[in-house]
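> Sharing a sequence plus its predicted fold:
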Amino acid sequence: MSNHSAGGQISIAWRTLKRFWPFAAPDRKLLIYGGALAILAAGAEVAAVYLFGVITDEALSAKKLSAFWSPAALWLGAAVIGAVATFRADCMTSLAGERFLFRLRNRVFAHVQRLPLDFLDSSRLGDLMTRLTDDVEAIEGLVASGLIRTVTATVSVVAFATAAFVIRWDLALAACALVPIFWLVSRSISGKVQDAALDERESNGSIASVVEESLSNQAVVQAYNRQGVEEHRLATEGRTWLAARMAEARLSSMYGPMVQVVETVCILVVLGMGAWELSAGRITLGGLLSFAAFLGYLYPPIQSLGQFSLTAAEAAAAVERLDDVVQTPPAVDDGGAEDNGWRCHGRVDMVEVGFRYPQANRPTVDRLSFAANPGELVMLSGPSGAGKSTVTKLLLRFYDPTAGRILLDGVDIRQLPLRTLRENVTLLHQESQLFGGSIYDNIAYGRPTASREDVIRAARLADAHEFIAALPEGYDSNVGHRGRLLSGGQRQRIAIARALLRDTPILVLDEPTTGLDRDTAARIMEPLHRLMAGRTTILITHDTQLGLDPDQIVTLRAHGAERPPTAVQPVSAVPRSEPTARIPTLTGPSPTGLIPAMVPNRFVGRAAPRATGRATRQSRAVGRARVAPEPRADDATTRWDTPTDIRPAG
């Protein structure tokens, strides 16, 4: 809720300064020096006005040219000092302000990357981007540069008012008597500006969201001839933004003219009184002109102080929008603990695991249990919405289970730092997510410290080297936005190469052949076999006829898990009687050294040789109606009702 009272605006400004000052504190020396130089510049202006009065009385009125040169030289010196001080002050405060923006934006972005996936999925990306840019800049306008402007304006008001009182206290008192009018004007506008600024920022976020969504889905837009629909969406949001922006602009623009009228009234009153004082011989012409000049310099900083309330109102609107993000707690938070170097052998245990999404009426996963030994393949199947992908989110601790436990080598994953856990698990997503940039950068994303030879070798294992080498720029070729310059199969092979380079003991394959035609899907099976070799693999798929030989098939049904009866037999498509060839670890540092060699197709398989036709272990039906166990008291469960604040790192 907006607080339109003067006390409310001051309170909002103070809370905002207090909350976000830690992001400006590292540059407090710049702010102090910049403020001091700004005060020096104000002092130079006071000196210049005083010297103007001296020249008027002693040189112009007295018609003495000899009395002109000395004050003129001093005036020139004051002007040079003021110019240099102003330049340096602007540079210092600008640098401090930009660094404030840098720190706050990075801190908010780091927080966003720890938020629950359902929050990001339900948020409009364009609007989220404007909160990280425009709203952060509005806060900087109050905390960093706005603070310096306010301090400088306050000092200028004191300096020019003091000089005016020295010349004629009665004229100065009359001028100051009209100052409260400036406060009344700013108070009448600032509250309305906050409401208008909030509407404008929300509309601006909606425009950014429409543009982002439309450009990201241009293939659908053009294929369905819906360009006009998208233009209409943008125009609709644009009209809403225009109305909000003009409301804000009218209010902000109203302040300047109103203050100018008040300022003119003040000056006319003072000049009228000054003419009376001049006729009575109580003030010289130079003194009157100097006094008028002091008033000319006095009212702009007073106007700037009034503008501070408008700046505070805009910042309050920005804070309100930013709080929607920063007050959302992470689904899982380990305090940013570093990777402790622990590496598992690949044993995975799901023990009576249950999970319900926030705001959901019933659990997505209920009493799921299975165990996978190192190097084994577990296939999770079931209809859409049964919770297959949720299992991967729980394994990677995007969320913590609401019941049961997940163990790696017997260790509850909630006892592991997130970085350590995720250094043991590789996710190959069904969408083959790539980043804008080169093919090399996308493969090296799996292990940034890898050498170029490691990257190329991983590409060979993924059957990607041939098509990459055929491109004009090879590994330096740009993949386009989200990899759209490549085909679906090419994107998938690059993702497989990235996973190979990452080389973790546990692998999660989420619908690896989704969206691929039969021939392309068949072609990536060989790289997938190489990727799975020697790794504990959890495969999520609707298609149980992928030509794989799972150790277990776990069938998930809506709102629970049911393991298949023994009559269900997996498809064995890979010979298992011959051992799989191995090669040493790649040249760079690698957690497990499990990347397999390029081997003939007939030898493709997993690491442990087993007799062909060995009966696949089947999971026994759960079928037991019982209440899921309550989480233990020491379980690190997520608190959804605890707001999270943004503080600088360190």
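Good, I have the coordinates.
> Centre-most residue in the chain?
F109 (2.5 Å; Cα atoms, centre = their mean).
> Next, the residue nearest to that residue when sequence neighbours are not counted: secondary structure please.
Closest residue in space to F109, ignoring its immediate chain neighbours: L132 at 6.1 Å, by Cβ to Cβ, 6 or more residues apart in numbering. C-betas here are computed from N, CA, C, even on glycine. For L132, the assignment made with DSSP: H, G, I helix; E, B strand; the rest coil gives helix.
> Mind pulling up the pLDDT for L132?
Here, the pLDDT recorded for L132 equals 82.
> what's the answer for the one 10 residues further on, then?
As predicted, L142 sits at a pLDDT of 81.
> what helix or strand does it sit in?
Using DSSP states H and E, L142 sits within helix 125-143.
> Tell me which stretches of the stretch 101-250 of the chain form strands.
Under the criterion DSSP state E, counting those that start in this stretch, the stretch 101-250 of the chain carries no strands.
> How about the chain?
Applying DSSP state E to the chain gives strands spanning 348-355, 365-372, 377-381, 403-408, 411-412, 425-428, 506-510, 536-540, 552-557, 560-562.
> elements contacting the fourth one?
Looking back up the chat, that one is strand 403-408. strand 348-355, strand 365-372 (3 or more Cβ pairs under 8 Å, 6 or more residues apart in numbering; DSSP states H and E).
> If you compare the directions of the first one and strand 536-540, what angle comes out?
Spelled out, it's strand 348-355. 40 degrees (axes from the mean of the first three to the mean of the last three Cα atoms, to 10 degrees).
> So which other helices or strands are in contact with strand 348-355?
strand 365-372, helix 388-395, strand 403-408.
> redo that, cut-off 10 Å
strand 365-372, helix 388-395, strand 403-408, strand 411-412, strand 536-540, strand 560-562 (3 or more Cβ pairs under 10 Å, 6 or more residues apart in numbering; DSSP states H and E).
> Paired strands for it, with orientation please.
strand 365-372 (antiparallel), strand 403-408 (antiparallel) (DSSP bridges).
> Out of those, which is closest to A38?
Closest approach to A38 among the strands paired with strand 348-355 (Cβ to Cβ): strand 403-408, 58.3 Å.
> Can I get the closest one in CSV, CA atoms only?
In CSV, the C-alpha atoms belonging to strand 403-408 read as follows (Å, rounded to 0.1, in the frame of the first residue of the first chain):
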residue,chain,number,x,y,z
ALA,A,403,8.2,-37.6,3.1
GLY,A,404,10.8,-40.3,3.0
ARG,A,405,14.5,-40.0,2.1
ILE,A,406,16.8,-40.1,-0.9
LEU,A,407,20.2,-41.6,-0.3
LEU,A,408,23.5,-41.6,-2.3
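> what angle separates it from helix 388-395?
70 degrees.
> which parts of strand 403-408 are buried?
If you call a residue buried by 16 or more other Cβ atoms under 10 Å, then strand 403-408 has these buried ones: 403-408.
> Make JSON lines from those residues and add pLDDT to it.
Formatted as JSON lines, the buried residues of strand 403-408 follow (pLDDT from 0 to 100):
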{"residue": "A403", "pLDDT": "91"}
{"residue": "G404", "pLDDT": "92"}
{"residue": "R405", "pLDDT": "93"}
{"residue": "I406", "pLDDT": "94"}
{"residue": "L407", "pLDDT": "93"}
{"residue": "L408", "pLDDT": "93"}
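> In a markdown table: the residues you listed, plus distance to Y297.
Converted to a markdown table, those look like this (distance: Cβ to Cβ, whole Å):
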| residue | distance to Y297 |
| --- | --- |
| A403 | 71 |
| G404 | 72 |
| R405 | 72 |
| I406 | 69 |
| L407 | 73 |
| L408 | 70 |
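> Identify, from those residues, the entry nearest to D195.
Nearest to D195 among these is A403, at 45.6 Å by Cβ to Cβ.
> Quick check: beta-bridge partners of that closest one?
Going by DSSP bridges, A403 forms beta bridges with G354.
> Verify the contact between it and V353 for me.
Yes - at 6.9 Å, A403 counts as touching V353 under the criterion of Cβ atoms under 10 Å.
> Now do the shared contacts for the two.
Common neighbours of A403 and V353 (criterion: Cβ atoms under 10 Å, 6 or more residues apart in numbering): 363, 365-368, 628.
> and the helices and strands packed on strand 348-355, which is most packed in?
strand 536-540 (a mean of 26; mean count of other Cβ atoms under 10 Å).
> Specify the angle between it and strand 552-557 in degrees.
30 degrees.
> Can we start the residue count at 445 from this point?
With 445 as the first residue, the last one maps to strand 980-984.
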